[in-house]
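> Mind looking at a prediction? Sequence and model below.
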Amino acid sequence: MIVLLLVCCSPLNAASEQVLTTSWRDLNGDGARDRIRVIMVSGRRYYDTNVWCGGECEKFEGRFVIEVKLAGHKTIRTDLNLLFCPEEPESELWFVSSPWNLCFADFNHDGQIDFTIGQYGGCNSWDYKIFSIKPSGGVYELPVIGDEYGIPNGHDGESTAFSGYDEPAPDGFFSGYYSNVHGTGLTHRYAWDKKLNAFVCAAHQIGDQPWKPGREPEPEWLLKTPSL
Ligand SMILES: [Ca+2]
Ligand SMILES: [Ca+2]
């Protein structure tokens, strides 16, 4: 019993940790450069031959943290698995083993720089989440109503700036991907709602049709399809 207790509670071996990416930039606007890293704290590195469409690759899979070291402050770690899967905190994440960088932008235009991290979503898209940084160095999600599992976007690496779209969105950002349901590209414009403290889908565009407000409706053929 004593042995089990020691094993369960022993600190993680720093030597076994794997730093996936490191960025140096002023995260809190005080003029001093800060460090932010994504670190695998437990897991494995292997070549996955079972996943299609970009998922077949060498990857790090397991449990990760986002570590922020603001200049002059202590290092703060936030559980990335918990941020991605709050309802299933034991779920594992994976990232390619090749080098990648975090992409930064102030997505909700509040003056605090934000960043994104994505997870494999399928052949047409990855699911990205937007994170921001507290004055303490802790990391939290900027939620998107209706996209609780992530914002679908064509694969743009492990992190994206959502910059490949028509023009900068004045109050948010664009994302898009090829939709099998609609048989064409589907683009969303997200806007930050200050009352809800979350992004909402302000408009959508199916293919090259005119932009319409809100989310896209389900196609009629899909509504008529009996559920399995
Ligand atoms: Ca700083
Ligand atoms: Ca921000």
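Good, I have the coordinates. Ligands and ions are numbered 1, 2, ... in the order given.
> and the nearest residue to Ser132 once chain neighbours are set aside, backbone torsions?
Take Ser132 and drop its neighbours on the chain: the residue closest to it by CB to CB, 6 or more residues apart in numbering is Asp114, 4.5 Å away. All C-beta atoms are positioned from the backbone trio N, CA, C, and that covers glycine. Main-chain torsions, Asp114, degrees, to the nearest 10: phi -120, psi 170.
> If you count neighbours, what's buried in the strand ranked longest in the chain?
The longest strand of the chain (DSSP state E) is strand 34-48. Neighbour counts over strand 34-48 (16 or more other CB atoms under 10 Å) mark Asp34, Ile36, Arg37, Val38, Ile39, Met40, Val41, Gly43 as buried.
> In JSON lines: those residues, plus distance to ligand 1 and pLDDT.
Output for the buried residues of strand 34-48, formatted as JSON lines (distance: CB to the ion, whole Å; pLDDT from 0 to 100):
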{"residue": "Asp34", "distance to ligand 1": "4", "pLDDT": "98"}
{"residue": "Ile36", "distance to ligand 1": "11", "pLDDT": "98"}
{"residue": "Arg37", "distance to ligand 1": "15", "pLDDT": "98"}
{"residue": "Val38", "distance to ligand 1": "19", "pLDDT": "98"}
{"residue": "Ile39", "distance to ligand 1": "20", "pLDDT": "98"}
{"residue": "Met40", "distance to ligand 1": "25", "pLDDT": "98"}
{"residue": "Val41", "distance to ligand 1": "24", "pLDDT": "98"}
{"residue": "Gly43", "distance to ligand 1": "30", "pLDDT": "97"}
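> residue contacts, Val51?
Applying CB atoms under 8 Å, 6 or more residues apart in numbering, we find Val51 in contact with Tyr120.
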